[in-house]
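Asks: What follows is a predicted structure for the sequence shown.
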Amino acid sequence: MLLDVIGFILDVAGKVLLGISVYLVHSRVVKEKKINRVVIKEIKKERNLVIIGIILIVVGFFMQLPSKFGGLI
C-alpha cells in the first residue's frame, strides 16, 4: 500500500515537472517569437527538469507495478 502511494506521488511529480518544462519552453518561444541563443540556453537548462521528470515517472511506475498485479511480483 505504501509503495503504491509513493509510486503514485512520484509519477505525478514527474508528469508535473515535464509539464512545467514544456510550458516554460513554449512561453519563452512565444515571448521571443524566434529561437536564438537565449532560447537555446533556456532549453538546455530545462533538459535537466525533463530528465528528472522521466526518472520519476519510471520509478513511480515500478513502485506501482506490484500492486497492479495483486502482489504477484
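Replies: Sure, I can see it.
Asks: what sits against the residue nearest the centre of the chain?
Replies: Centroid-nearest residue in the chain, with Cα atoms, centre = their mean: residue 53, separated by 2.5 Å. By Cβ atoms under 8 Å, 6 or more residues apart in numbering, the contact set of residue 53 is 13, 14, 15, 16, 17, 18, 21. C-beta coordinates here come from the backbone N, C-alpha and C atoms, glycine included.
Asks: Which members of those residues are positioned in helices?
Replies: Counting by DSSP state H, the part of the contacts of residue 53 found in helices is 13, 14, 15, 16, 17, 18, 21.
Asks: Give me the nearest residue to residue 20, chain neighbours excluded.
Replies: residue 49 (6.8 Å; Cβ to Cβ, 6 or more residues apart in numbering).
Asks: brain fart, residue 62
Replies: residue 7 (7.4 Å).
Asks: Return the per-residue confidence for that neighbour.
Replies: Residue 7 carries a pLDDT value of 87.
Asks: What score does residue 33 have for pLDDT?
Replies: 73.
Asks: Quick check: phi and psi at it.
Replies: phi 60, psi 20 (degrees, to the nearest 10).
Asks: For it, give me its contacts.
Replies: Residue 33 neighbours (Cβ under 8 Å, 6+ apart): none.
Asks: buried sites along the helix or strand where residue 47 lies?
Replies: When elements are assigned from DSSP states H and E, residue 47 belongs to helix 37-68. In terms of neighbour count (16 or more other Cβ atoms under 10 Å), helix 37-68 has its buried residues at 43, 46, 49, 50, 53, 56, 57, 59, 60, 63, 64.
Asks: Just want the angle from the helix or strand harbouring residue 25 to helix 37-68.
Replies: Per DSSP H and E: residue 25 is located in helix 2-32. Per axes from the mean of the first three to the mean of the last three Cα atoms, to 10 degrees, the angle that helix 2-32 makes with helix 37-68 is 160 degrees.
Asks: thinking again about what came up before, of the ones in helices among the contacts of residue 53, keep whichever come out buried.
Replies: 13, 14, 17, 18, 21.
Asks: Take those residues and write them to JSON lines, including pLDDT and distance to residue 70.
Replies: Below are these laid out as JSON lines (pLDDT from 0 to 100; distance: Cβ to Cβ, whole Å):
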{"residue": "13", "pLDDT": "92", "distance to residue 70": "26"}
{"residue": "14", "pLDDT": "92", "distance to residue 70": "25"}
{"residue": "17", "pLDDT": "92", "distance to residue 70": "30"}
{"residue": "18", "pLDDT": "90", "distance to residue 70": "30"}
{"residue": "21", "pLDDT": "88", "distance to residue 70": "35"}
